[in-house]
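>>> let me see the structure of the following:
(one chain, ligands or ions: 1)
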Amino acid sequence: MTTPLVAVSLKAYLGAAQTRVWLGGVRALADAGRVPADVELAVLPSMPLLPAAVELLSGTHVAWGAQDVAPGSGGAQTGAVTAALLAELGCRFAAVGHAERRSLFRETDADVRAKVARLKADALTPIVCVGEVERIGARAAAVAASDQLAAALAGTEAGEVVVAYEPVWAIGAPQPAGGDHVAAVAHAVRERMQDLGWRGRVLYGGAAGPGTLGALGASVDGLFLGRFAHDLGALAEVLDEARTAAPRAVGAGA
Ligand SMILES: O=C[C@H](O)COP(=O)(O)O
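The predicted structure follows:
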């Protein structure tokens, strides 16, 4: 049985003090038993707040990770944060290829591929973000997302990966993509992942929140949350839903 995964990226929404308050709230949820043992929660704060995650979440079963990683192994790369450093800080995950990195920072498939390789070399699990930019039909979206995934995984020995299917048009939108659309694309992405010899979970992201997993059912293994996880009550609701909505009997997850 695959363990559902709920990942949260704080992007650049919260300042340092706000992030500490939010992480403290996540700690309180964990201490109160509101992070179910059979659901994995991973939080991705801004890089400078990773030590706060170490401080506030150690001893819980909440994982933490980064929103990005350097494509190189270190040395003369001003401003870069390496996978090795993330590993030292206890990160289990790092997102790569997020739509905002691809559009705002001109990140290419080659960059994403290099980052996946670095993460695997340092035993972190990449959360590879894929998704079509414009509203198109499910068949075309499935091809676009699967091809992005194949480009990201090429050249790295197969292992565990998390694929976050995020239609770019749904990120920051009021509502998530429709269930049939997500199910079709998630199915295609999962097939491509498995065809390439990788194992892992497929998440949906893009205006996801309470109720989204109920609408998506078993087509995904969890959610990649943004804005709607700032409200810790909403996050707790999603975690509750993940216990019943997402587990799949097949598909090699964690
Ligand atoms: O990383 C998370 C996604 O981009 C979703 O963001 P959002 O839920 O704020 O639309």
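>>> from here on, contacts and neighbour counts on C-alpha atoms
Fine.
>>> who are the packing partners of the helix or strand hosting Gly214?
In the assignment (DSSP states H and E), Gly214 maps to helix 212-216. In terms of contacts (3 or more C-alpha pairs under 8 Å, 6 or more residues apart in numbering; DSSP states H and E), helix 212-216 is packed against helix 179-195, helix 232-245.
>>> continuing past it, what's the next helix or strand?
Taking DSSP H and E, what comes next after helix 212-216 is strand 222-225.
>>> what's Leu89 sitting at in phi/psi?
Torsion angles at Leu89 (phi, psi; degrees, to the nearest 10) stand at phi -90, psi 10.
>>> same check on the one 5 residues further on?
Here is the backbone geometry of Ala94 (degrees, to the nearest 10): phi -150, psi 140.
>>> enumerate every residue touching it.
Ala94 sits next to 44, 65-69, 119, 124-127 when contact means C-alpha atoms under 8 Å, 6 or more residues apart in numbering.
>>> that one and Glu88: what is the separation?
Going from Ala94 to Glu88 by C-alpha to C-alpha, to the nearest Å gives 13 Å.
>>> next one: Ala121
Applying C-alpha to C-alpha, the value for Ala121 to Glu88 is 13 Å.
>>> between the two, which has more neighbouring residues?
A direct count of neighbours by other C-alpha atoms under 10 Å for Ala121 and Glu88 places Ala121 higher, at 15 against 10.
>>> residues in contact with that one?
Not one residue lies near Ala121 by C-alpha under 8 Å, 6+ apart.
>>> quick one, phi psi at it?
According to degrees, to the nearest 10, Ala121 has phi -60, psi -30.
>>> gap between it and the ligand?
As for Ala121, its distance to the ligand is 24 Å (criterion: C-alpha to the nearest ligand atom, to the nearest Å).
>>> so where's the chain uncertain?
In the predicted model of the chain, residues 246-254 satisfy pLDDT under 70.
>>> only the buried residues of the helix holding Gly214, if you could.
In terms of neighbour count (16 or more other C-alpha atoms under 10 Å), helix 212-216 has its buried residues at 212-213, 216.
>>> again with stretch 113-130
Using 16+ other C-alpha under 10 Å as the test for burial, stretch 113-130 gives 113-120, 122-130.
>>> how about stretch 157-165?
For stretch 157-165, burial by neighbour count (16+ other C-alpha under 10 Å) applies to 160-165.
>>> nearest to the ligand among those residues?
Here the nearest of these to the ligand, counting by C-alpha to the nearest ligand atom, is Ala164; it sits at 8.5 Å.
>>> contacts for the helix or strand the closest one falls within, please.
Using DSSP H and E, Ala164 falls within strand 160-165. With contacts defined as C-alpha under 8 Å, 6+ apart, strand 160-165 is touched by 125-131, 145, 149, 185-186, 198-205, 223-224, 253.
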